[in-house]
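**Student:** predicted structure and sequence below. I'll ask about it afterward.
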Amino acid sequence: MAGRQGGKAKPLKAPKKVAKELDDDDIAFKERQKKEAAEMKAAAAKAGQKGPMGGAGIKKSGKK
(Lines give C-alpha, C1' and ligand atoms only; values in the text may rest on other atoms or scores of the structure.)
Protein backbone atom coordinates (compact mmCIF):
# COMPACT_ATOMS: atom_id res chain seq x y z
CA MET A 1 0.00 0.00 0.00
CA ALA A 2 2.94 2.28 -0.48
CA GLY A 3 1.43 3.72 -3.66
CA ARG A 4 -1.45 5.40 -1.87
CA GLN A 5 -0.90 8.89 -0.51
CA GLY A 6 -3.18 10.40 2.04
CA GLY A 7 -3.86 14.04 2.62
CA LYS A 8 -3.04 17.03 0.51
CA ALA A 9 -0.03 16.96 -1.81
CA LYS A 10 2.61 19.56 -1.03
CA PRO A 11 2.96 22.29 -3.65
CA LEU A 12 6.20 22.56 -5.58
CA LYS A 13 8.56 25.30 -4.56
CA ALA A 14 8.40 28.37 -6.77
CA PRO A 15 11.68 29.42 -8.39
CA LYS A 16 13.40 32.40 -6.83
CA LYS A 17 12.70 35.70 -8.54
CA VAL A 18 15.63 37.32 -10.25
CA ALA A 19 16.23 40.81 -8.90
CA LYS A 20 16.16 43.18 -11.85
CA GLU A 21 18.26 46.30 -11.92
CA LEU A 22 16.39 49.57 -11.63
CA ASP A 23 17.31 52.42 -13.91
CA ASP A 24 16.69 56.11 -13.25
CA ASP A 25 13.21 56.04 -14.82
CA ASP A 26 12.09 53.16 -12.61
CA ILE A 27 13.44 54.84 -9.48
CA ALA A 28 11.70 58.12 -10.37
CA PHE A 29 8.44 56.25 -11.07
CA LYS A 30 8.55 54.45 -7.72
CA GLU A 31 9.27 57.72 -5.89
CA ARG A 32 6.33 59.38 -7.65
CA GLN A 33 4.06 56.47 -6.70
CA LYS A 34 5.11 56.73 -3.04
CA LYS A 35 4.50 60.48 -3.07
CA GLU A 36 1.04 60.11 -4.64
CA ALA A 37 0.11 57.36 -2.17
CA ALA A 38 1.15 59.57 0.74
CA GLU A 39 -0.90 62.48 -0.66
CA MET A 40 -3.98 60.28 -1.12
CA LYS A 41 -3.63 58.94 2.43
CA ALA A 42 -3.36 62.48 3.80
CA ALA A 43 -6.37 63.63 1.76
CA ALA A 44 -8.43 60.67 2.96
CA ALA A 45 -7.53 61.40 6.57
CA LYS A 46 -8.43 65.07 6.13
CA ALA A 47 -11.76 64.21 4.48
CA GLY A 48 -12.59 61.77 7.26
CA GLN A 49 -12.27 64.43 9.95
CA LYS A 50 -15.15 66.53 8.72
CA GLY A 51 -18.73 65.31 8.89
CA PRO A 52 -20.88 63.95 6.12
CA MET A 53 -20.79 65.80 2.85
CA GLY A 54 -23.69 68.19 2.24
CA GLY A 55 -27.31 67.29 2.67
CA ALA A 56 -29.17 64.42 1.18
CA GLY A 57 -31.20 66.72 -1.07
CA ILE A 58 -34.89 66.12 -1.72
CA LYS A 59 -36.02 62.85 -0.19
CA LYS A 60 -38.72 60.85 -1.88
CA SER A 61 -41.47 59.42 0.29
CA GLY A 62 -41.77 56.18 -1.62
CA LYS A 63 -45.50 56.67 -2.23
CA LYS A 64 -46.85 57.05 -5.72
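**Tutor:** Looks like it came in fine. This one's a predicted model, so the numbers in the text were calculated from it and none came from an experiment. Numbers count the residues shown, from 1 in each chain.
**Student:** helix, strand or coil for Ala9?
**Tutor:** Secondary structure, DSSP: H, G, I helix; E, B strand; the rest coil: Ala9 is coil.
**Student:** how many residues are close by it?
**Tutor:** Per other C-beta atoms under 10 Å, the neighbour tally for Ala9 reads 6. Quick note: C-beta positions are derived from backbone N, CA and C, even for glycine.
**Student:** next: the one 10 residues further on.
**Tutor:** Ala19: 6 surrounding residues under other C-beta under 10 Å.
**Student:** ok, now which ones touch it?
**Tutor:** Taking C-beta atoms under 8 Å, 6 or more residues apart in numbering as the contact definition, Ala19 lies against nothing.
**Student:** how much space separates it from Ala43?
**Tutor:** Separation of Ala19 from Ala43 (C-beta to C-beta, to the nearest Å) stands at 34 Å.
**Student:** any idea of the pLDDT on Lys50?
**Tutor:** If you check Lys50, the pLDDT there is 68.
**Student:** I meant Ser61, not that one.
**Tutor:** Per-residue pLDDT puts Ser61 at 73.
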